[in-house]
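A.B. asks: Here's a sequence, model it:
(one chain, ligands or ions: 1)
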Amino acid sequence: MIPGPIEFESEVMQCMAVPTPSHVDPDFIDLFANSLKLMKEVCKCPSGQAFIVAGTGTLAMDMAAANLIETGDKALVISTGYFGLRFAEILKRYGAEVDVLEAEVGDIVPMELIEQQLQSKSYKLLTFTHVDTSTAVLNDAKSIGDLGRKHKVLTVLDGVCSVAGEEIKQEEWGIDVVLTASQKAIGVPPGLALLVISQNAIQAFEKRTSPVTNYYGDWSNWLPIMKAYENRQASYFGTPAVNLVMALEKSLQLIVKEGLDNRFDRHLRAGKAMRAAISALGLELLSKNEQVSANTLSAPKYPSQIDTTTFLKAVNQEGIILAGGLLPELKNDYFRIGHMGSINRSDLLATIGALETALKKHGYLHELGSGTTQILKHF
Ligand code: PMP
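C.D. replies: So this is what the prediction gives:
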């Protein structure tokens, strides 16, 4: 129950255990083309261009920055935690002049502040983290997309912890880049960097006057490959992670079969149930209120007087693996529970059950069952 890598469906895992076909095998080309199409469907961006590249989420961030930034371009980072600050570092590497609007821990940056900042300078690009995995804060992607469109700024959404778990309507919301990785709500073992970019972003890329300074990530290398796959033609730039792409197609098929709305609703109910359970146990959440709380993970604070060095081990002994805090300054103050992908009621009950038992063993007083009751009520 960590926020990625998550538990994967057995049908997806089976794709990893078959003999690896050639990357130019006609069946693989078909499957790649289908995965590109499904990526656009999941991000709701029918006119966009999808990329499937071997790498991690950080590579997807790197590709967005490397291809859309030229030295001296102004970029605005809206940061809600660890991964916002990472984006600022990446953008600086490619010569961007970066301003960071940093939210208070557990909150988002108010839209008025973002708008004020966009009015103050002419930015080429803005980035925001849809769900920051370090704080479990959910950003208002639609409103940020609106602001980006209004101020003619390329908008980049880091969806590593949100795509296929939180609602995204990329095209309707005017988001130019949605990027993610395979190992979270997309439901595939780690190793794929995934992007869907708008035609607007492609035009901005084509208007560059300087070469992209990252060789592997250069869209000039990858665009022809993705287009070739879409046209069912063999092509090569870097060998695709063949089995991972096979697993991706399977997982995307399962996602679409469930129905995106059903899937978002299931995540919403899981998120609500977990927050209700955690609150019923008397634990505070890092995210400030329901509106800014992610549904793909939760970040409860440890109760005071609990031994934080042994607590997660005690939960682990109950059969549930949770993650520690990630924000360096609050690392020992909170922990994280992932609830994305194929999550069901039994997973949530087992998790809260383990949490309750570990709390009790650590001398924390609460009525046993008060958390699990909330799961039953809300999920
Ligand atoms: N952005 C967010 C929101 C993430 O949660 C992560 C990974 N936890 C990343 C970016 C980086 O992804 P990766 O670890 O796959 O490089």
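
A.B. asks: Please, which helix or strand holds the closest residue to residue 379 other than its chain neighbours?
C.D. replies: Once flanking residues are discounted, residue 379 sits nearest to residue 273: 4.1 Å by CB to CB, 6 or more residues apart in numbering. Placement of C-beta: from N, CA and C, glycine included. Using DSSP states H and E, residue 273 sits within helix 260-280.

A.B. asks: The ligand contacts on the stretch 101-250 of the chain?
C.D. replies: Neighbours of the ligand within the stretch 101-250 of the chain, by CB under 6 Å from any ligand atom: 129, 132, 133, 158, 160, 161, 181.

A.B. asks: which residues sit in contact with residue 158?
C.D. replies: Neighbouring residues of residue 158 by CB atoms under 8 Å, 6 or more residues apart in numbering: 57, 61, 83, 84, 87, 127, 128, 129, 130, 179.

A.B. asks: Equivalent analysis for residue 249, please.
C.D. replies: By CB under 8 Å, 6+ apart, the contact list for residue 249 reads 15, 31, 32, 34, 35, 38.

A.B. asks: so what's it closest to, chain neighbours aside?
C.D. replies: Residue 249's closest residue in space is residue 35 (CB to CB, 6+ apart), at 4.5 Å.

A.B. asks: Torsion angles phi and psi at the one you found?
C.D. replies: Taking degrees, to the nearest 10, you get phi -60, psi -40 for the backbone angles of residue 35.

A.B. asks: Could you pull up the mean pLDDT of stretch 45-63?
C.D. replies: Across stretch 45-63, the average pLDDT comes to 98.

A.B. asks: Please point out which parts of that stretch sit buried.
C.D. replies: Across stretch 45-63, burial judged by 16 or more other CB atoms under 10 Å covers 45, 48-63.

A.B. asks: So what's the gap between that stretch and the chain middle?
C.D. replies: Relative to the centre of its chain, stretch 45-63 is centred 12 Å away, using CA atoms, centre = their mean, to the nearest Å.

A.B. asks: distance between the ends of that stretch?
C.D. replies: This stretch, stretch 45-63, spans 19 Å end to end (CA to CA, to the nearest Å).

A.B. asks: re the thing from before, give me the subset of the residues of the stretch 101-250 of the chain next to the ligand lying in strands.
C.D. replies: 129, 132, 158, 181 (DSSP state E).

A.B. asks: wait, which of the residues you listed is closest to the ligand?
C.D. replies: Nearest to the ligand, judged by CB to the nearest ligand atom, of those is residue 181 at 3.8 Å.

A.B. asks: The closest one: neighbouring residues, count only.
C.D. replies: 26 (other CB atoms under 10 Å).

A.B. asks: State whether it and residue 190 are indeed in contact, as I suppose.
C.D. replies: Yes. Between residue 181 and residue 190 there is a contact at 6.9 Å, judged by CB atoms under 8 Å.

A.B. asks: Quickly list what's touching both of the two.
C.D. replies: 4, 56.

A.B. asks: gap between the closest residue to residue 16 other than its chain neighbours and the ligand?
C.D. replies: Using CB to CB, 6+ apart and skipping the chain neighbours, the partner closest in space to residue 16 is residue 243 (5.0 Å). Noted for residue 243: a distance of 18 Å to the ligand, by CB to the nearest ligand atom, to the nearest Å.

A.B. asks: Work out for me the element residue 243 sits within.
C.D. replies: Going by DSSP H and E, residue 243 is part of helix 242-258.

A.B. asks: about what we covered before: tally of neighbours for the residue nearest to residue 16?
C.D. replies: A total of 18 residues lie near residue 243 under the criterion other CB under 10 Å.

A.B. asks: From what I see, it and residue 19 are in contact.
C.D. replies: No. Applying CB under 8 Å, one finds residue 243 not in contact with residue 19, separated by 9.2 Å.

A.B. asks: Next, residue 87: secondary structure please.
C.D. replies: Of the three states, residue 87 takes helix according to DSSP: H, G, I helix; E, B strand; the rest coil.

A.B. asks: I meant to write residue 204 there.
C.D. replies: Residue 204 is classified as helix under three-state DSSP.

A.B. asks: Residue 134 and residue 83 touch, don't they?
C.D. replies: Yes. Under the criterion of CB under 8 Å, residue 134 makes contact with residue 83 at 6.5 Å.

A.B. asks: if you count what's nearby, which of those two comes out ahead?
C.D. replies: residue 134 (28 against 24).

A.B. asks: Next up, phi/psi of the closest residue to residue 79 other than its chain neighbours, please.
C.D. replies: Leaving aside its sequence neighbours, residue 79 sits nearest to residue 102 (CB to CB, 6+ apart; 4.6 Å). The phi and psi values for residue 102, taken as degrees, to the nearest 10, are phi -100, psi 130.
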